[in-house]
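[1] Okay, sequence plus prediction incoming.
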Amino acid sequence: MDILKFAVRKLFGGIPLILGVTFISFLLMVYFGPDLTWEKLGKNPTQQDIMEVRHELGYDQPFVKRYGNYLKQLVTLDFGNSQMTDKKVSTILKETMPVSLHLIIPGFILGNIIAVALALFAAYHRGTWLDKLIMTGSVVGMSISFLIVIIAFQLLFCSSFGLDLFPVRGWEVYNNEGNIIWSQYFKYVTVPTLATVFVALGYNTRFYRAVLVEEMTKDHVRTARAFGHKPASILFKSVLKNAMVPITTRIMFSIPLVVVSGSLLIESYFGIPGVGKITYDAIVAGDQNILKAIVGLTAVLFVIVLLLTDILYRVFDPRVELK
């Protein structure tokens with residue numbers, strides 16, 4: 001019951017964040033975004049033609065009214081039709097979101113699990129050549145551009161210059177009923193997953209190791225050592241458990257960024273029809289209806305992540321109060 005009350009308070013508390021993000025993004029799109037008026041007009045349009053097109057697009061409405069309509073769309077999840085395809089935006093998102101989730105989830109989970117494992121290993125062997133080797137690899141992973149990693153992995157695994165084991169582009173993983181063909185899925189998801197894990201390991205391992213090393217210097221760890229507890233028990237029960245709050249924070253807050261920015265680069269490069277691909281196409285074409293939907297739903301996702309993060313704090317550390 002306490003968690004339910006806390007969740008309701010947190011959701012209402014996130015409304016200012018949603019309003020702030022959507023207002024600023026909508027302001028930028030209205031005054032600095034693309035104007036589709038001239039793309040819909042022919043040569044030598046009359047003033048009447050211009051006014052009719054602007055009325056059709058809703059550009060002649062007051063800013064407050066347009067922003068109010070946007071908030072209404074966000075609540076009802078009805079963002080109108082795409083200006084590129086004239087297809088309902090809600091339908092497009094319904095079709096593309098599963099693709100992005102199927103694409104991103106394996107790399108996201110593996111990247112964090114392997115990073116925590118490497119960080120534990122490096123922290124346990126702190127100061128040794130193993131620790132230095134892992135940290136050197138982390139720095140290398142952080143230093144290389146994500147795009148360069150994607151190109152390198154594509155050349156290595158997908159082209160005739162390398163192993164030529166996986167498809168170069170596309171996402172042909174569903175049958176006519178919309179179910180996943182797992183053999184095809186693993187072929188298409190392997191290279192994007194490897195690229196995602198490679199880049200994630202650089203940033204995550206370094207951060208997780210720093211958190212674990214700091215936790216290893218705490219008094220309770222020294223006390224456990226003094227009482228003769230086994231090193232493995234100390235590492236997992238005293239160090240990792242108490243370090244889960246900052247680790248959870250990093251994992252949870254990276255979810256919206258990974259879904260939007262990570263999938264955008266991977267999907268646009270490999271031609272995968274997910275949320276990132278339609279976001280890239282909408283930016284190029286100036287499709288404001290899709291952009292408004294993506295920005296608004298991302299803001300909502302941040303609020304949900306904030307809520308789940310605070311609840312997970314209590315799970316890992318009972319001393320944290322839900323306020």
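    All right, it came through fine. Numbering: from 1, shown residues only.

[2] Tell me who's in contact with the most far-flung residue of the chain relative to its centre.
    Most distant from the centre of the chain: T46, at 45.0 Å, with distances by C-alpha atoms, centre = their mean. Residues near T46 by C-beta atoms under 8 Å, 6 or more residues apart in numbering: none. C-betas here are computed from N, CA, C, even on glycine.

[3] what about dumping the CA coordinates of the helix or strand harbouring F153 to CSV?
    Element membership of F153, judged by DSSP states H and E, is helix 146-158. Presented in CSV, the C-alpha positions along helix 146-158 are these (Å, rounded to 0.1, in the frame of the first residue of the first chain):
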residue,chain,number,x,y,z
PHE,A,146,29.9,4.1,-31.6
LEU,A,147,29.6,4.6,-35.4
ILE,A,148,33.2,3.4,-35.9
VAL,A,149,32.4,0.3,-33.9
ILE,A,150,29.3,-0.4,-35.9
ILE,A,151,31.2,-0.1,-39.2
ALA,A,152,34.1,-2.2,-37.9
PHE,A,153,31.8,-5.0,-36.7
GLN,A,154,29.8,-4.9,-39.9
LEU,A,155,33.0,-5.3,-42.0
LEU,A,156,34.3,-8.1,-39.7
PHE,A,157,31.1,-10.1,-39.4
CYS,A,158,28.9,-9.2,-42.4
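
[4] by contact count, what packs against the host helix or strand of G68?
    Following DSSP H and E, one finds G68 within helix 63-76. Under the contact definition 3 or more C-beta pairs under 8 Å, 6 or more residues apart in numbering; DSSP states H and E, helix 63-76 sits against helix 15-32, helix 288-316.

[5] tell me which residues of that helix are tucked away?
    Y67, Y70, Q73, L74 (16 or more other C-beta atoms under 10 Å).

[6] Let me have these in TSV, adding distance to E56 and pLDDT as columns.
    Output for the buried residues of helix 63-76, formatted as TSV (distance: C-beta to C-beta, whole Å; pLDDT from 0 to 100):
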residue	distance to E56	pLDDT
Y67	19	89
Y70	17	87
Q73	17	88
L74	22	87
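
[7] need the helices for the stretch 151-300 of the chain, in chain order.
    182-216, 219-226, 231-233, 241-257, 263-270, 275-285, 288-316 (DSSP state H, counting those that start in this stretch).

[8] Report the contact partners of T205.
    A115, L118, A119, A122, I134, M135, G137, S138, G141.

[9] Not counting sequence-adjacent ones, nearest residue to the fifth one?
    Of all residues not flanking I134 in the chain, A122 sits nearest, at 4.3 Å (C-beta to C-beta, 6 or more residues apart in numbering).

[10] now the first one
    On the basis of C-beta to C-beta, 6+ apart, the spatially nearest residue to A115 that is not a chain neighbour turns out to be N204, at 3.5 Å.

[11] got it, and K277?
    E267 (4.0 Å).

[12] How about M29?
    Per C-beta to C-beta, 6+ apart, closest to M29 is Q288, 5.6 Å.

[13] was I right about the one you found contacting G33?
    Yes: if you go by C-beta atoms under 8 Å, Q288 and G33 touch, sitting 6.2 Å apart.

[14] Tell me which of the two has more neighbours.
    Q288 (23 against 16; other C-beta atoms under 10 Å).

[15] got a list of what the more buried one touches?
    With C-beta under 8 Å, 6+ apart, Q288 has these contacts: M29, G33, P34, L36, Q83, A282.

[16] swap the cut-off to 7 Å and go again
    M29, G33, Q83 (C-beta atoms under 7 Å, 6 or more residues apart in numbering).

[17] The last one should be in a strand, yeah?
    Put plainly, it is Q83. No: applying DSSP: H, G, I helix; E, B strand; the rest coil, one finds Q83 to be coil, outside a strand.

[18] was I right about it contacting K292?
    No: with contacts counted by C-beta atoms under 7 Å, Q83 stays clear of K292, the gap being 11.0 Å.

[19] Name the residue in those two with the higher neighbour count.
    A side-by-side neighbour count of Q83 and K292, using other C-beta under 10 Å, places K292 first with 23 against 20.

[20] Quick one: residues contacting that one.
    So K292 contacts F26, M29, Y70, F79 (C-beta under 7 Å, 6+ apart).

[21] pLDDT wise, what is the first one at?
    Spelled out, it's F26. Looking at F26, its pLDDT is 83.

[22] and D35, how far is that from V89?
    19 Å (C-beta to C-beta, to the nearest Å).

[23] Those two: who's more crowded?
    Here D35 and V89 are compared on neighbour count by other C-beta under 10 Å; more neighbours surround V89, at 25 against 12.

[24] doesn't F79 make contact with the more buried one?
    Yes: V89 lies in contact with F79 (C-beta under 7 Å); the separation is 3.9 Å.

[25] and for those two, which residues touch both?
    With C-beta under 7 Å, 6+ apart as the test, V89 and F79 both reach N289, A293.

[26] Please name the nearest non-neighbouring residue to E56.
    K40 (7.8 Å).

[27] Over to that neighbour: give its phi and psi.
    phi -90, psi -10 (degrees, to the nearest 10).
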